[in-house]
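Engineer: Give me a model of this one.
(one chain, ligands or ions: 3)
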Amino acid sequence: MAGIVLVGAQWGDEGKGKITDLIAYDMDYVVRFQGGNNAGHTIVHGGRVLKLHLIPSGIMYPHITPVIGNGVVIDPKVLLEEMDALEADGLSTHRLLISCNAHLIMPYHRDLDGASERRLGKLEIGTTRRGIGPAYMDKASRMGLRVQDLEDPDIFREKLGAALAEKNDILTKVYGLTPYTVEEIAEEYLAYADRIKPHIADTSLAINRALEADSWVLFEGAQGTLLDLDHGTYPFVTSSSPTAGGACTGTGVGPRRIDRVLGVAKAYITRVGSGPFPTELENCPGSIGELLTKVGGEYGTTTGRQRRCGWYDAVIVRYAARVNGLTDLVVTKLDVLSELDTIKVCVAYEYEGHRYNDLPCHQTAFHHAKPIYEELPGWREDISGCRTFEELPKAARDYIAFIEELAEVPVSIIAVGPSREQTILRRWEVRP
Ligand code: GDP
Ligand code: IMO
Ligand code: MG
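Structural biologist: Ligands and ions are numbered 1, 2, ... in the order given. Predicted coordinates for the structure are as follows:
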């Protein structure tokens, strides 16, 4: 085993940061392959809480090389702030490699993200307003600036001038916003360049060489399967490919290098931002939705927004198993369900008299899908101290077995609390 991909199997915030940090111990490289600082990955270890947006979650281990791949969009200001915060916390970032081909988030991307959301009004996507969508739009329309452009001030200014010729028209004439001059952005970004340059690398070459030398590489996904631009609940998605295929295009590594694909899913489900959500629970005082929000601490790591909560949706996770080719499931936050007498699991949907065991391809069916639930007994005891599967109460073991049966993928790791050690390793062999 050498190439391992870890993705979110729901709508993001599944606990990818915690699981990446946990298994990173065995890795040589941890690589982010898509998204940007819309991500918020939380790591809790030894009383320390780290919230990472751009830096891979392997940063706590000094033997790891963290890599930001070509598929990521980088806001250099945010990157440097995050590096400074880690350094101030005693964590070295000197090993960080940044792909020369990664695209840059520019100030006008942030402006346009906010402006287009405002224009959509109640149809808004509920983006993180970090400029992610507009940066990927420019990448696709071949108008983006890349990390390597920071190394050549003349090229940087030239490309920026070409981009601003269009962007300033859109900013002023479409949205009534203030235009930018080439010089003001160049001055800011070229000042970042000095600090970023030592980290710029041909990361595809570095990762492929590492894999050839039998190093272990973990590809850390951001967002989740249902936020994928192609496979998610379009248009309520992000603008990148958080599914497993994105690990290849977002790093320049071929699919034959991937040995294992881990999908992380909460023992229930959450979503931030707009869009359909079949198993969503009401969040009124005394409701189960409120209990999950409070006990699970369901507030966004990036924007602080309250996350919408719902029952575990097995149709979604089965879909994630399919589109990612999952070899393993990781179930997190099982401890959050400990206060419930009974727990519902959505096993299929009903729409216009039809039963859907698989995710409907047509958006209308998904928007109106009514969950078909099965109800399982709860366990009503604290499981946060359990470290083996056998230590879990029978009802909790049965719950995991049910999840496994519905997804047709083995549950290899179970998390029972936010910290690194609150984890049950079932099918995860530590590297010899
Ligand atoms: P990510 O974006 O997928 O990395 O997930 P986030 O970090 O945004 O959100 C997951 C939250 O749940 C974080 O606050 C984690 O510390 C926390 N967490 C992760 N696993 C567990 C768990 O098993 N139990 C509990 N109670 N919290 C967890
Ligand atoms: P992590 O990596 C949860 C959501 C936003 C919005 C949609 C589009 O922490 O799991 P964007 O700013 O990407 O254009 O917003 O995607 N979103 C996330 N939701 N976790 C994330 O990241 C997310 N990143 C983006 O809320 O609905
Ligand atoms: Mg998150």
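
Engineer: contacts for the longest helix along the chain?
Structural biologist: The longest helix of the chain (DSSP state H) is helix 153-169. Contacting residues not belonging to helix 153-169 are listed as 106, 108, 112, 138, 143-145, 149-150, 179-182, 185-186, 189-190, 193 [Cβ atoms under 8 Å, 6 or more residues apart in numbering]. Heads up, the C-betas are built off the backbone N, CA and C, glycines and all.

Engineer: rerun at 7 Å
Structural biologist: Contacts to helix 153-169, defined as Cβ atoms under 7 Å, 6 or more residues apart in numbering, come from residues 108, 138, 143, 145, 149-150, 179-180, 182, 185-186, 189-190.

Engineer: which of these count as buried?
Structural biologist: Taking 16 or more other Cβ atoms under 10 Å as the criterion, what is buried in the contacts of helix 153-169 is 108, 138, 145, 149-150, 180, 182, 185-186, 189-190.

Engineer: Filter these down to the ones in helices?
Structural biologist: 108, 138, 182, 185-186, 189-190.

Engineer: Residue 262: which of those is nearest?
Structural biologist: residue 138 (31.7 Å; Cβ to Cβ).

Engineer: Disregarding residues adjacent in the polypeptide, which is nearest to that closest one?
Structural biologist: Leaving aside its chain neighbours, residue 138 sits nearest to residue 144 (4.1 Å; criterion: Cβ to Cβ, 6 or more residues apart in numbering).

Engineer: Pretty sure that neighbour sits against residue 105.
Structural biologist: No: under the criterion of Cβ atoms under 7 Å, residue 144 makes no contact with residue 105, lying 9.5 Å away.

Engineer: on that earlier part again, could I get the buried ones among the contacts of helix 153-169 in a markdown table, plus columns for pLDDT and distance to ligand 1?
Structural biologist: Converted to a markdown table, these look like this (pLDDT from 0 to 100; distance: Cβ to the nearest ligand atom, whole Å):
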| residue | pLDDT | distance to ligand 1 |
| --- | --- | --- |
| 108 | 98 | 27 |
| 138 | 98 | 25 |
| 145 | 98 | 27 |
| 149 | 98 | 29 |
| 150 | 98 | 28 |
| 180 | 98 | 32 |
| 182 | 98 | 36 |
| 185 | 98 | 30 |
| 186 | 98 | 34 |
| 189 | 98 | 28 |
| 190 | 97 | 32 |
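
Engineer: Quick one: name the residues of the stretch 1-150 of the chain near ligand 3.
Structural biologist: Counting by Cβ under 5 Å from the ion, the residues of the stretch 1-150 of the chain close to ligand 3 are 13, 40.

Engineer: where does the stretch 1-150 of the chain come near ligand 2, residue by residue?
Structural biologist: By the rule Cβ under 6 Å from any ligand atom, the part of the stretch 1-150 of the chain lying against ligand 2 is 8, 11-13, 38-41, 125-128, 130, 132-133.
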